[in-house]
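Participant: sharing a model prediction with you, sequence too.
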Amino acid sequence: MNDSIDVDVPVRMAYDQWTQFEDFPLFMDHVDEVRQVTENLVRWKASIAGVSREWEAEITTQRPDELIEWHSVDGSMTRGSVSFRPIDEGHTHIVLDLDFDPQGILEHIADKGGFVSDRAHKDLVSFKEFIEDRGRATGAYRGEIEGDRPGTEHTDTEEPAGRR
């Protein structure tokens, strides 16, 4: 599944907000909880096609203002990336690429029916509305990750917590 959206904020602001995984439930209604376990490990709780799932995802690549790639290490199998490209100083093009391995009959039906791609598109629209209405990121993680090795962390914070 591949989808994209243009947001009316600078690339740094869009990227910084996306790095605040623990805030995803604020704009993704199917995400119940996200917890940053380590710099490159994130624990997810979500309802997918009416089924509650939990999994951990490892961030394998993270380059500020450019790219985040991940894959699940247990639970629901997911793999994906989100890339950020400046259109101009105040606008960003975001591309979400997501692979989801449905588990069980309900998830297979939902996947075949386009639920996952519809949900991902709604999440992008919700992210756009959230960051544009807010006008600033809730925090930022400016560290780099290549492979499974976190690099130097540089953060801008509103409040200390997780990656903020």
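Facilitator: Good, I have the coordinates. Numbers count the residues shown, from 1 in each chain.

Participant: hey, let's count contacts and neighbours off CA atoms from now on
Facilitator: Will do.

Participant: quick one: which helix or strand includes A57?
Facilitator: strand 51-63 (DSSP states H and E).

Participant: partner strands of that strand, with direction?
Facilitator: strand 41-48 (antiparallel), strand 67-75 (antiparallel), strand 145-146 (antiparallel) (DSSP bridges).

Participant: export those as JSON lines, with columns for mean neighbour count.
Facilitator: Output for the strands paired with strand 51-63, formatted as JSON lines (neighbours: other C-alpha atoms under 10 Å):
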{"stretch": "strand 41-48", "mean neighbour count": "18"}
{"stretch": "strand 67-75", "mean neighbour count": "18"}
{"stretch": "strand 145-146", "mean neighbour count": "18"}
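
Participant: nearest to W55, of those strands?
Facilitator: Relative to W55, the nearest member of these by C-alpha to C-alpha is strand 67-75, separated by 4.4 Å.

Participant: partners of W55 in the sheet?
Facilitator: Residues in beta-bridge contact with W55 (DSSP bridges): W44, G75.

Participant: that older thread, distance to F127 and mean pLDDT added to the strands paired with strand 51-63, as TSV?
Facilitator: As requested, these are exported to TSV (distance: least, C-alpha to C-alpha, whole Å; pLDDT from 0 to 100):
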stretch	distance to F127	mean pLDDT
strand 41-48	17	90
strand 67-75	16	93
strand 145-146	23	94
